[in-house]
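*Asks:* Predicted model follows, preceded by the sequence.
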Amino acid sequence: MIHPTAIVDESATIAEDCDIGAYSIVGADVSIGAGTTIGPHVVLKGPTSIGAGNRIFQFASVGDDPQDLKYDGELTTLEIGDGNTIREFATINRGTEGGGGVTRIGNNNLFMAYIHVAHDCMIGNRIIMANGASLAGHVTVGDHAILAGFACVHQFCEVGEHAFVGLNSVANRDVSPFTMAVGNYAEAKGINKNGLRRRDFSEEAIQALHRAYKVLLRQHGDRHEAIASLAAESSQYPEVARFISFIEKSERGVVR
């Protein structure tokens, strides 16, 4: 179902059961998977691939050029998986040559109104970006992370799995998985216990993460000794092992 006022480039590939609303524009080299709904006044620019079962609401801009002064018309892409919801006035840009050439979004994510996903971002699955949240270029967001309204993440930062970035917060360093980061600039405020309980993490795993958080993000001292003191928890709980690994690999440093 393509509205007669919609403009669809002849090179676009659209599954037969897609809906495209009034006055929307589907540009060259855009592919849209089965069951996806494009609302009115949406602009899709390619090369962009959009998977199955997505819903893109009115006035969203998806797949346009990156907002990077170094960009000079290189062929770059945007890849969007399945089951995502992209609400009004969201902007999601393609990648840049310097960042690998692709912006990638996983499955079953919720992007609320006025969010921005900049070039070369890597978004996992089942994340939520509330109204006005923004990611600068080259940001990675892990599965099940939540960015509250108007939260911002600095370029080249990473937000770990199951993390929570609070309302109006600015993360200028990596946000460790399973933690809450709040403030401008953001500070670590504990383990995201309520979020983990909603996702059926065991109380034992949550308490082990809490102990690891206190040792690694609240106390001062030698990091290697601190990690060694958590050997029992990291061997018993994979969540603690992932928490430690994230901190060890962080290049920008983590929110403390």
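*Replies:* Looks like it arrived, so ask away.

*Asks:* where's Leu216 relative to Gly98, distance?
*Replies:* 32 Å (CB to CB, to the nearest Å). (Each C-beta comes from the backbone N, C-alpha and C, glycine too.)

*Asks:* of these two, who's got more company?
*Replies:* Leu216 (23 against 16; other CB atoms under 10 Å).

*Asks:* wait, is that one part of a helix?
*Replies:* Yes. If the criterion is DSSP: H, G, I helix; E, B strand; the rest coil, then Leu216 is within a helix.

*Asks:* How about the contacts made by it?
*Replies:* Arg223, Ala226, Ile227, Leu230, Phe243, Ile244, Ile247 (CB atoms under 8 Å, 6 or more residues apart in numbering).

*Asks:* rerun that using 6 Å as the cut-off
*Replies:* When contacts are counted by CB atoms under 6 Å, 6 or more residues apart in numbering, Leu216 touches Ala226, Ile247.

*Asks:* confidence score at it?
*Replies:* pLDDT for Leu216: 94.

*Asks:* same check, this time on the one 3 residues further on
*Replies:* At Gln219 the predicted local confidence, pLDDT, stands at 83.

*Asks:* what's the answer for Ala212, then?
*Replies:* pLDDT at Ala212 comes out at 95.

*Asks:* Please, which helix or strand holds it?
*Replies:* Element membership for Ala212 (DSSP states H and E) is helix 203-213.

*Asks:* next one: Ser235
*Replies:* Short version: Ser235 belongs to helix 231-236, going by DSSP H and E.

*Asks:* Enumerate the positions of that helix that are buried.
*Replies:* Glu233, Ser234 (16 or more other CB atoms under 10 Å).

*Asks:* Show me what the helix or strand that comes right after it is packed up against.
*Replies:* Counting by DSSP H and E, the next helix or strand C-terminal to helix 231-236 is helix 238-249. Here helix 238-249 touches helix 203-213, helix 231-236, going by 3 or more CB pairs under 6 Å, 6 or more residues apart in numbering; DSSP states H and E.

*Asks:* was I right about Val165 contacting Leu147?
*Replies:* Yes. Counting by CB atoms under 6 Å, Val165 does reach Leu147; the two are 4.8 Å apart.

*Asks:* Those two: which has the busier surroundings?
*Replies:* Leu147 (30 against 27).

*Asks:* Please name the nearest non-neighbouring residue to the more buried one.
*Replies:* Ala133 (4.1 Å; CB to CB, 6 or more residues apart in numbering).

*Asks:* what's the neighbour count on the one you found?
*Replies:* 25.

*Asks:* Next: His224.
*Replies:* Around His224 there are 9 residues (other CB under 10 Å).

*Asks:* Which strands and helices lie in contact with the host helix or strand of it?
*Replies:* Using DSSP H and E, His224 falls within helix 223-228. Judged by 3+ CB pairs under 6 Å, 6+ apart, helix 223-228 is in contact with no other helix or strand.

*Asks:* Dump that helix to PDB, keeping only the CA atoms.
*Replies:* Taking Å, rounded to 0.1, in the frame of the first residue of the first chain, the C-alpha atoms of helix 223-228 are listed here in PDB:
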ATOM      1  CA  ARG A 223      42.500  -1.600  39.900                       C
ATOM      2  CA  HIS A 224      44.400  -4.900  39.400                       C
ATOM      3  CA  GLU A 225      44.100  -5.800  43.100                       C
ATOM      4  CA  ALA A 226      40.500  -4.800  43.000                       C
ATOM      5  CA  ILE A 227      39.800  -7.100  40.100                       C
ATOM      6  CA  ALA A 228      41.700  -9.900  41.700                       C
END
